[in-house]
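[1] build me a model:
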Amino acid sequence: MSDVTYLQPGEFPPPMGPFSAGVRAGSHIFTAGQLPLRSDGTIAGDDITSQTRQCFANIRSVLQEGGLGLADVIKLTVWLRDIGDLGAVAEVRREFFTDPHPVSTTIEISKLPHADALVEIDAVAVDGR
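    Okay, the predicted model is just below:
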């Protein structure tokens, strides 16, 4: 499709590596960030708070490349390995709600269906142009 553009603002600092990217499809931008595994299959890092913060930083970078910010996000989905980790959930809310956002933004926090990562974050942004 000619209206699909892949956004990849380059390498990211640890623990995320280059595993954040986005795609523009028409008037929407879809972004995603997830924790990578080391070559031996172990998780790169174990501090879910810093990893969650890095996910948000990466998604902000992807959105910025597309001319948008968190204020343009209409749906944010966060998967955590353990949603009983109240610190991680608080970090998700702190990182998102400190930025302006539309009242209509939907936020979902769910448990990861697999154990290959500590945190994954997806966002859907709308380009009003």
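[2] so what does the biggest helix by length in the chain touch, helix or strand wise?
    If you go by DSSP state H, the chain has its longest helix at helix 48-65. Helix 48-65 sits against strand 20-25, strand 28-34, strand 73-80, helix 86-97, strand 119-126, with contacts defined as 3 or more Cβ pairs under 8 Å, 6 or more residues apart in numbering; DSSP states H and E. Using the backbone N, CA and C atoms, a C-beta is placed for each residue, glycine as well.
[3] residues near Arg60, how many?
    20 (other Cβ atoms under 10 Å).
[4] my read: it touches Gly69, true?
    Yes: using Cβ atoms under 8 Å, Arg60 is in contact with Gly69, at 6.9 Å.
[5] adding distance to Gln51, write the helices and strands packed on helix 48-65 out as CSV.
    Putting these into CSV (distance: least, Cβ to Cβ, whole Å) gives the following:
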stretch, distance to Gln51
strand 20-25, 12
strand 28-34, 9
strand 73-80, 10
helix 86-97, 9
strand 119-126, 5
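[6] in a markdown table, list those along with distance to Gln64, mean pLDDT and mean neighbour count.
    Putting those into a markdown table (distance: least, Cβ to Cβ, whole Å; pLDDT from 0 to 100; neighbours: other Cβ atoms under 10 Å) gives the following:
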| stretch | distance to Gln64 | mean pLDDT | mean neighbour count |
| --- | --- | --- | --- |
| strand 20-25 | 10 | 84 | 19 |
| strand 28-34 | 10 | 85 | 21 |
| strand 73-80 | 12 | 89 | 20 |
| helix 86-97 | 15 | 82 | 16 |
| strand 119-126 | 11 | 87 | 22 |
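[7] which of these sits closest to Gln54?
    With respect to Gln54, and counting by Cβ to Cβ, the nearest of these is strand 28-34 at 7.7 Å.
[8] may I have the strands that pair with the closest one, each with its orientation?
    According to DSSP bridges, strand 28-34 forms sheet pairs with strand 20-25 (antiparallel), strand 119-126 (antiparallel).
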